[in-house]
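Undergrad: Pasted the sequence and its predicted model underneath.
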Amino acid sequence: MRLIRYLRVALESITAHKLRAILTMLGIIIGVAAVLTTMGIGRGAAANITQRIQSQGTNLLSISPGASSVGGLSGGAGSASTLTVGDAKALQDLTLHPSLALVAPEYGANARLVVGDTNTQNQVTGVTADYAQVRNLEVASGRFLTPTDSEGQSRVAVLGSELAGDLFGGGNPVGLSVRINGEPYQVIGVLEETGGFGRTSPDMQAYIPLEVAQGRLFNAPRYRGDYTVSSINVQVVSEDRVDEAQSQIETTLRLRHNLRADQENDFNIFDQASLLETVADISQSLTIFLGAIGAISLLVGGIGIMNIMLVSVTERTREIGLRRAVGAHDQDILLQFLVEALVLCFIGGLIGVGLAYGVAALFARIPALTFNVVIQPDSLALALSFSLLAGLVFGIYPAMRATQLDPIEALRSE
């Protein structure tokens with residue numbers, strides 16, 4: 001009951017000095033908004049990256065070339081391509097690799113693409129017909145490459161959504177021609193937007209038959225008699241058989257590459273699931289770091305609360321003396337000023353939460369941002385708890401100062 005009475009007194013004091021209360025709460029408002037926004041940015045970016053990785057499938061393995069060994073000497077990682085079309089064909093034997101569903105090799109490099117006056121340098125990747133299914137690529141218009149395109153070494157191309165827009169504007173390029181390193185290729189399809197990053201994103205790439213890329217466009221080198229590939233993409237039967245698939249792939253490639261037991265692999269097997277774990281760890285660290293930066297604003301706001309409350313104690317010396325003269329105990333005075341500090345911080349925290357949601361809505365309207373600010377319940381609880389803690393910690397000293405005033409001297413003050 002006494003707490004409710006002091007709560008009413010605190011609200012009356014705040015409404016009586018609105019401007020001072022607003023200025024006092026400003027630090028808490030900015031602090032809470034900063035904590036929620038920075039943590040929301042970190043979580044939003046992490047969720048966006050995770051979604052893009054998951055969209056490619058957690059049962060995806062990517063095999064990349066490692067160090068080649070020539071004459072007993074081992075080169076640096078990636079010094080020469082050790083993966084070939086023959087390796088990919090060997091892995092396609094499902095009787096020896098029951099955990100593998102699809103195998104799609106690729107060979108890519110930068111090339112000059114020209115349409116009319118538009119001239120751009122982009123990644124052009126030679127792939128097989130299974131590549132779209134392995135990498136979860138959807139066709140927006142037209143079609144993807146087929147085995148017939150590969151067998152006939154047709155000069156056809158499938159464009160990423162952003163690349164198609166850059167080359168052809170807003171029109172549909174299916175059926176039109178694009179020159180790649182000076183040679184004409186017919187556009188047979190445009191992919192759905194994937195939202196990847198940079199020039200290596202599927203949105204910014206062109207896809208042509210693997211045989212055309214290796215033998216005609218890029219003149220790929222050979223290794224052990226076969227054309228080399230940039231990487232081999234493998235779709236595993238199910239997520240719970242990824243470890244089995246890795247073991248089967250490693251056994252086959254080590255045998256094909258004539259590696260002794262004491263030699264390291266001259267290839268690397270990359271697991272999407274392990275990447276998700278890494279992203280989760282990084283995003284957690286990033287969120288904590290960003291939240292700590294925002295918490296500095298709360299600290300500054302708490303110091304502002306203490307300063308204003310000390311001024312308030314000085315201004316209300318006569319009121320304090322009168323209350324003590326009529327029988328108020330030290331704990332009553334302490335509770336009065338402490339409740340007022342807590343109320344200021346709580347109201348400031350609520351306004352800060354509203355401001356954070358406003359910033360999140362503003363960010364959602366910016367087309368250039370590919371992620372949303374994600375404000376989760378635990379972030380709300382943490383921010384409001386810290387704001388109340390700031391009110392408690394920085395409100396105690398002014399409240400104790402108020403209890404130490406001599407009632408006689410307080411009544412004499414003007």
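TA: Received it, and whenever you're ready, just let me know what you need.
Undergrad: Touching stretch 107-125 from outside, list them.
TA: Outside of stretch 107-125, the residues within contact range by CB atoms under 8 Å, 6 or more residues apart in numbering are 106, 126, 157, 163, 166-168, 173, 176-182, 199-200, 204-208, 210, 213-214, 217-218, 220, 227-230. C-beta here means a position set from N, CA and C on the backbone, and glycine is covered the same way.
Undergrad: next one: it to chain centre, how far?
TA: In terms of CA atoms, centre = their mean, to the nearest Å, the centre of stretch 107-125 is set 29 Å apart from its chain centre.
Undergrad: shaky segments in the stretch 1-150 of the chain?
TA: 1-3, 5-6, 9-10, 49-58, 67-80 (pLDDT under 70).
Undergrad: rewinding a little: of the contacts of stretch 107-125, buried ones?
TA: Using 16 or more other CB atoms under 10 Å as the burial test, these include 106, 126, 157, 163, 166-168, 173, 178, 180, 204-208, 210, 213-214, 217-218, 220, 227-230 as buried.
Undergrad: quick one: which of the residues you listed sit in strands?
TA: 106, 126, 157, 178, 180, 206-208, 227 (DSSP state E).
Undergrad: In those, find the pair that's most separated.
TA: Farthest-apart pair in these is Val178 and Tyr227; separation 23.8 Å (CB to CB).
Undergrad: Tell me where the stretch 101-250 of the chain has helices.
TA: Along the stretch 101-250 of the chain, the stretches classed as helices by DSSP state H, counting those that start in this stretch are 131-134, 147-151, 161-168, 210-212, 242-256.
Undergrad: what's the answer for the stretch 251-400 of the chain, then?
TA: Going by DSSP H, counting those that start in this stretch, the stretch 251-400 of the chain shows helices at 272-315, 317-325, 330-364, 377-403.
Undergrad: So which of the helices of the stretch 101-250 of the chain is nearest Thr95?
TA: With CB to CB as the criterion, Thr95 lies closest to helix 242-256 of those, at 11.1 Å.
Undergrad: And this structure, split by domain according to the record?
TA: 2-53+277-412, 67-265 (automatic domain parsing).
Undergrad: Lowest mean pLDDT across the helices of the stretch 251-400 of the chain, which one is that?
TA: Confidence, taken as mean pLDDT, is least for helix 317-325 of the helices of the stretch 251-400 of the chain (a mean of 62).
Undergrad: Can you name the residues that contact the nearest residue to Leu217 once chain neighbours are set aside?
TA: Distances taken as CB to CB, 6 or more residues apart in numbering place Asn181 nearest to Leu217, at 6.1 Å, with adjacent residues excluded. Asn181 sits next to 111-112, 217 when contact means CB under 8 Å, 6+ apart.
Undergrad: ditto for Gly160
TA: Shown in contact with Gly160 (CB under 8 Å, 6+ apart): 190-191, 194, 201-206.
Undergrad: how close does it get to Thr200?
TA: 11 Å (CB to CB, to the nearest Å).
Undergrad: from what I can see Leu299 touches Leu389, true?
TA: No - counting by CB atoms under 8 Å, Leu299 does not reach Leu389; the two are 10.6 Å apart.
Undergrad: Helix or strand for the closest residue to Ser297 other than its chain neighbours, just tell me which one.
TA: In space, and not counting its chain neighbours, Ser297 is closest to Gly31: 3.7 Å by CB to CB, 6+ apart. Using DSSP states H and E, Gly31 sits in helix 18-55.
Undergrad: ok, residues contacting the following helix or strand past that helix?
TA: Next helix or strand after helix 18-55 toward the C-terminus (DSSP H and E): strand 60-65. Applying CB under 8 Å, 6+ apart, the external contacts of strand 60-65 come out as 78, 80-83, 87, 134-135, 228, 230-236, 242, 245-246, 249, 253, 266-272.
Undergrad: I only care about the residues you listed that end up buried; give me the PyMOL line for that.
TA: Buried subset of these, written as a PyMOL selection, criterion 16+ other CB under 10 Å:
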select buried, resi 80+81+82+83+87+134+135+228+230+231+232+233+234+235+236+242+245+246+249+253+266+267+269+271+272
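Undergrad: in the stretch 151-300 of the chain, what spans have low per-residue confidence?
TA: The model of the stretch 151-300 of the chain has pLDDT under 70 over residues 195-199, 272-280, 290-291, 294.
Undergrad: try it again with 80
TA: Within the stretch 151-300 of the chain, the segments meeting pLDDT under 80 span 170, 195-200, 239-240, 272-300.
Undergrad: Quickly note the distance from the residue lying closest to Pro173 once chain neighbours are set aside to Asp262.
TA: Residue nearest to Pro173 in three dimensions, not counting chain neighbours: Val187, with 4.5 Å by CB to CB, 6+ apart. Going from Val187 to Asp262 by CB to CB gives 50 Å.
Undergrad: Between those two, point out the one with more neighbours.
TA: Val187 (23 against 5; other CB atoms under 10 Å).
Undergrad: That one reaches Gly171, doesn't it?
TA: No - Val187 is beyond contact range of Gly171, at 10.9 Å (criterion: CB under 8 Å).
Undergrad: so what's the closest residue to Arg43 other than its chain neighbours up against?
TA: Spatial nearest neighbour of Arg43, excluding adjacent residues (CB to CB, 6+ apart): Val374 at 4.3 Å. Residues near Val374 by CB under 8 Å, 6+ apart: 40, 43-44, 47.
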